[in-house]
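S.K.: Structure for the following, please:
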Amino acid sequence: MAKLNWGMIGGGEGSQIGPAHRLGAGLDGLFTFAAGALDHRAAEGIDYGRRLGLGDRAYGSWQDMLEGERGRDDRVDLVTVATPNATHFEITKAFLEAGFNVLCEKPMTMTVEEGEAIVKIARQTGNICAVNYGYTGYSLVRHMKAMIARGDIGKVRLVNAEFAHGHHADAADADNPRVRWRYDPAQAGVSAQFADCGIHALHMASFVTGQEVEKLSADTVSCIDVRVLEDDAMVNFRMDGGAVGRLWTSSIAIGRQHGLGIQVFGETGGLRWSQEQPNQLYYMPLGERLQVIERGEANLSPEADRTTRVTIGHAEGMPLAFANIYTDLAEAITARKEGRKMDPAANLYPRAEDGLRSMAAVYAVAESGKQNGTWLDARPPSMR
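M.R.: Residues are numbered from 1 along each chain as shown. Here you go, the predicted model:
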């Protein structure tokens, strides 16, 4: 497979997410980091890009990058958008319409209407629009999905998903600018904790079960009362394949660190996985003993084998999960260039449709919370 050219918007010096993307994109030698507009401050972005080796393809703005790349024979094959949430729609739309493939950080958009527009543009142009639900890149998450699809636990009855941490629990920290904006509707939109973390857990539930959320009921609360938006939410949901779902997400759960986990219970077995212990998948067949499946062991699914690099017993972490999203995208782009079908074990990257469903769920949770838990349709209008 020939190397592809990759570019990044956002993720500049000091960014939390930028290094994870650069590590993930470069890990398997499938992408060359070729271009970037890494900071909203033009001079700083150009300087940092040049220090990372981008030369004259270090741009001062995403608009400059769009104009500079669109006419090149060696233009980037994939653009990652890792800017503040409110800018995702404008940038993603512009690059898709200019013929680029895009990987956008979540949330893909700030409104359902914007999400509908991105899905429509991606379909019309035929360009790839992926959304970085990066935790779906973990090897054993993909093995969990494969086990459920082949019927190892029978028909799914119940899904229990969590994403709870305690890093915003200090009321004295409520005016910290790095925290405050997350609970400000003017900057965060209609939801705080659910839009930030809960949608990862909800997407994970759909990813592993192969079912989509149809309706939901939410109890949302601001435990720190000066916050306008919620810092804790409990969401009940129903899926189109008949599964019942429960989801808890919180930013005030003192003692919890990252807190993403999922349990799936079927007619003949159950499965449990936690992102803080990603190398083990717990499998309980009905009437038998608990089994611990280890990442990297023999006889796992093709989806798990393809996404394992490090030998059994050694940890693989978040950047490697991100890398699996990038290897999926490299396979998808290369298959298109070569006019062939892509490897089905790689055809797992989250799409624009997933980003749209997430935004519809965000709005449904916010509205249901206002209505004391009224059950609402969680689907975007185009998917009802």
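S.K.: Okay, buried residues for stretch 274-287 please.
M.R.: 274-275, 278-279, 281-283 (16 or more other Cβ atoms under 10 Å). Placement of C-beta: from N, CA and C, glycine included.
S.K.: Switch these over to a markdown table; also include secondary structure.
M.R.: Below are these laid out as a markdown table (DSSP: H, G, I helix; E, B strand; the rest coil):
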| residue | secondary structure |
| --- | --- |
| S274 | strand |
| Q275 | coil |
| P278 | strand |
| N279 | strand |
| L281 | strand |
| Y282 | strand |
| Y283 | strand |
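S.K.: beta partners of L216?
M.R.: With DSSP bridges as the criterion, the beta-bridge partners of L216 are F237, L376.
S.K.: Quick one: neighbours of it, just the number.
M.R.: 22 (other Cβ atoms under 10 Å).
S.K.: repeat for A361
M.R.: Counted with other Cβ under 10 Å, residues neighbouring A361 total 30.
S.K.: Name the nearest residue to it, ignoring sequence neighbours.
M.R.: Closest residue to A361 apart from its sequence neighbours, by Cβ to Cβ, 6 or more residues apart in numbering: A378 at 4.8 Å.
S.K.: Repeat that for M234.
M.R.: D219 (4.7 Å).
S.K.: what's the answer for V190, then?
M.R.: A366 is the one closest to V190 (Cβ to Cβ, 6+ apart), at 4.2 Å.
S.K.: thinking again about what came up before, show me what the helix or strand where the residue nearest to M234 lies is packed against.
M.R.: Per DSSP states H and E, D219 falls inside strand 213-221. In terms of contacts (3 or more Cβ pairs under 8 Å, 6 or more residues apart in numbering; DSSP states H and E), strand 213-221 is packed against helix 199-209, strand 232-239, helix 352-370, strand 376-377.
S.K.: Out of these, flag the one nearest C129.
M.R.: Closest approach to C129 among these is made by helix 352-370 (4.0 Å; Cβ to Cβ).
S.K.: by contact count, what packs against the closest one?
M.R.: Helix 352-370 sits against helix 112-125, strand 129-131, helix 199-209, strand 213-221, strand 232-239, strand 376-377, with contacts defined as 3+ Cβ pairs under 8 Å, 6+ apart.
S.K.: who touches F95 in this structure?
M.R.: Shown in contact with F95 (Cβ atoms under 8 Å, 6 or more residues apart in numbering): 66, 79, 81, 102.
S.K.: Might one say that the last one is in contact with I128?
M.R.: The one in question is V102. Yes - if you go by Cβ atoms under 8 Å, V102 and I128 touch, sitting 7.1 Å apart.
S.K.: the more surrounded of the two?
M.R.: With neighbours defined as other Cβ under 10 Å, V102 and I128 compare such that V102 has more, 27 against 21.
S.K.: mind checking how far that one is from W6?
M.R.: 11 Å (Cβ to Cβ, to the nearest Å).
S.K.: Next, show the common contact partners of those two.
M.R.: Counting by Cβ under 8 Å, 6+ apart, the residues touching both V102 and W6 are 78-80.
S.K.: among those residues, which are in strands?
M.R.: Under the assignment DSSP state E, the shared contacts of V102 and W6 contribute 78-80 to strands.
S.K.: how about JSON lines for these, with neighbour count, distance to T32 and pLDDT added?
M.R.: Formatted as JSON lines, the ones in strands among the shared contacts of V102 and W6 follow (neighbours: other Cβ atoms under 10 Å; distance: Cβ to Cβ, whole Å; pLDDT from 0 to 100):
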{"residue": "L78", "neighbour count": "25", "distance to T32": "11", "pLDDT": "98"}
{"residue": "V79", "neighbour count": "29", "distance to T32": "14", "pLDDT": "98"}
{"residue": "T80", "neighbour count": "29", "distance to T32": "13", "pLDDT": "98"}
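S.K.: Need the residues you listed in JSON lines (columns: distance to E114).
M.R.: Below are these laid out as JSON lines (distance: Cβ to Cβ, whole Å):
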{"residue": "L78", "distance to E114": "21"}
{"residue": "V79", "distance to E114": "18"}
{"residue": "T80", "distance to E114": "19"}
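S.K.: picking that back up, and the contacts of F95, which is closest to A2?
M.R.: The closest of the contacts of F95 to A2 turns out to be V79 (Cβ to Cβ; 18.4 Å).
S.K.: So in terms of bridging, what pairs with the closest one?
M.R.: Counting by DSSP bridges, V79 is bridged to G7, V102.
S.K.: Return the residues in contact with it.
M.R.: Contacts for V79 (Cβ under 8 Å, 6+ apart) come out as 6-9, 95, 100-103.
S.K.: Which among those residues count as buried?
M.R.: For the contacts of V79, buried by 16+ other Cβ under 10 Å: 6-9, 95, 100-103.
S.K.: Mind jotting down where the strands sit in the stretch 201-350 of the chain?
M.R.: Using DSSP state E, counting those that start in this stretch, the strands of the stretch 201-350 of the chain run over residues 213-221, 232-239, 244-250, 260-266, 269-274, 277-285, 291-294.
S.K.: Just tell me which of these ends up closest to Y135.
M.R.: Of the strands of the stretch 201-350 of the chain, nearest to Y135 by Cβ to Cβ is strand 260-266, at 6.1 Å.
S.K.: Which elements pack onto the closest one?
M.R.: Identification of packing neighbours for strand 260-266 by 3+ Cβ pairs under 8 Å, 6+ apart yields helix 139-149, strand 156-164, helix 199-209, strand 269-274.
S.K.: mind putting these in TSV, distance to G55 and mean pLDDT included?
M.R.: Listed next are those as TSV, based on distance: least, Cβ to Cβ, whole Å; pLDDT from 0 to 100:
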stretch	distance to G55	mean pLDDT
helix 139-149	36	98
strand 156-164	40	98
helix 199-209	36	98
strand 269-274	42	98
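S.K.: and those as a markdown table, adding distance to D175?
M.R.: As requested, these are exported to a markdown table (distance: least, Cβ to Cβ, whole Å):
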| stretch | distance to D175 |
| --- | --- |
| helix 139-149 | 37 |
| strand 156-164 | 23 |
| helix 199-209 | 26 |
| strand 269-274 | 33 |
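S.K.: Cheers, nothing more for now.
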